[in-house]
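**Student:** just the structure for this:
(one chain, ligands or ions: 1)
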Amino acid sequence: MSSILVFCRDCGKQVPSSQTRDGRCLDCQVRKSVADLRDEHARLWRKRERYRSQQANVDQIGRQIARVEDRMGHRIKELVPNEREAIDYLRRELEAARGQRYTIKGL
Ligand SMILES: [Zn+2]
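**Tutor:** This next block holds a predicted model:
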């Protein structure tokens, strides 16, 4: 199968057209599909830290965080059929979510 190279319309990276959808590369598709969950993850994470500093019970929030991570994983799997790659993407998105948390915390 021959594939031409196209520019991703979000990040401008050159990628094979077979890997794009709506003109976006796979990285951007993943990022966009989990964006809302990533915000939710960061929000819950901050909440948990706040509760923890008040010695409150954080089990419930921990379960909510796990559920959000689960949903991120499901969405990524829909876009990335290869399981290893899907896990890499999930890890990257979770790191980004934590990075977001640190940025906000550092303000
Ligand atoms: Zn892109």
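**Student:** now do residue 68 against residue 78, distance only.
**Tutor:** In this view, residue 68 and residue 78 are 16 Å apart by C-beta to C-beta, to the nearest Å. Bear in mind the C-beta positions are built from the backbone N, C-alpha and C, glycine included.
**Student:** and the two? Which one has more around it.
**Tutor:** For residue 68 versus residue 78, the count of surrounding residues by other C-beta atoms under 10 Å is larger for residue 68: 23 against 12.
**Student:** contacts only, for that one.
**Tutor:** 37, 40-41, 44 (C-beta atoms under 8 Å, 6 or more residues apart in numbering).
**Student:** closest to the ion out of these?
**Tutor:** Distance from the ion was checked for each of those by C-beta to the ion. The minimum falls on residue 37, at 18.8 Å.
**Student:** quick check: chain neighbours aside, which residue is closest to the closest one?
**Tutor:** Leaving aside its sequence neighbours, residue 37 sits nearest to residue 72 (C-beta to C-beta, 6 or more residues apart in numbering; 4.9 Å).
**Student:** is any part of the host helix or strand of the one you found close to the ion?
**Tutor:** Assigning secondary structure by DSSP states H and E places residue 72 in helix 59-79. No - where contact is defined by C-beta under 5 Å from the ion, no part of helix 59-79 touches the ion; the two come within 12.6 Å at best.
**Student:** spatially central residue for this protein, please.
**Tutor:** Central residue of the chain (C-alpha atoms, centre = their mean): residue 93, 3.2 Å from the mean position.
**Student:** got the contact list for that one?
**Tutor:** With contact taken as C-beta under 8 Å, 6+ apart, residue 93 is in contact with 30-31, 34, 38, 72, 76.
**Student:** which helix or strand contains it?
**Tutor:** Residue 93 belongs to helix 83-105 when elements are defined using DSSP H and E.
**Student:** over to residue 6?
**Tutor:** strand 5-7.
**Student:** re the thing from before, please save the CA atoms from the helix holding residue 72 in PDB.
**Tutor:** This file holds the C-alpha atoms of helix 59-79, laid out as PDB (Å, rounded to 0.1, in the frame of the first residue of the first chain):
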ATOM      1  CA  ASP A  59     -10.300   6.500  49.100                       C
ATOM      2  CA  GLN A  60     -13.300   7.700  47.200                       C
ATOM      3  CA  ILE A  61     -11.300  10.200  45.100                       C
ATOM      4  CA  GLY A  62      -8.700   7.600  44.400                       C
ATOM      5  CA  ARG A  63     -11.400   5.400  42.900                       C
ATOM      6  CA  GLN A  64     -12.600   8.300  40.800                       C
ATOM      7  CA  ILE A  65      -9.100   8.900  39.500                       C
ATOM      8  CA  ALA A  66      -8.700   5.200  38.600                       C
ATOM      9  CA  ARG A  67     -12.000   5.400  36.700                       C
ATOM     10  CA  VAL A  68     -10.900   8.400  34.700                       C
ATOM     11  CA  GLU A  69      -7.700   6.700  33.900                       C
ATOM     12  CA  ASP A  70      -9.700   3.700  32.800                       C
ATOM     13  CA  ARG A  71     -11.800   5.800  30.500                       C
ATOM     14  CA  MET A  72      -8.700   7.500  29.000                       C
ATOM     15  CA  GLY A  73      -7.400   4.000  28.300                       C
ATOM     16  CA  HIS A  74     -10.600   2.900  26.500                       C
ATOM     17  CA  ARG A  75     -10.600   6.000  24.300                       C
ATOM     18  CA  ILE A  76      -7.000   5.600  23.400                       C
ATOM     19  CA  LYS A  77      -7.500   1.900  22.500                       C
ATOM     20  CA  GLU A  78     -10.300   2.900  20.100                       C
ATOM     21  CA  LEU A  79      -7.700   5.000  18.200                       C
END
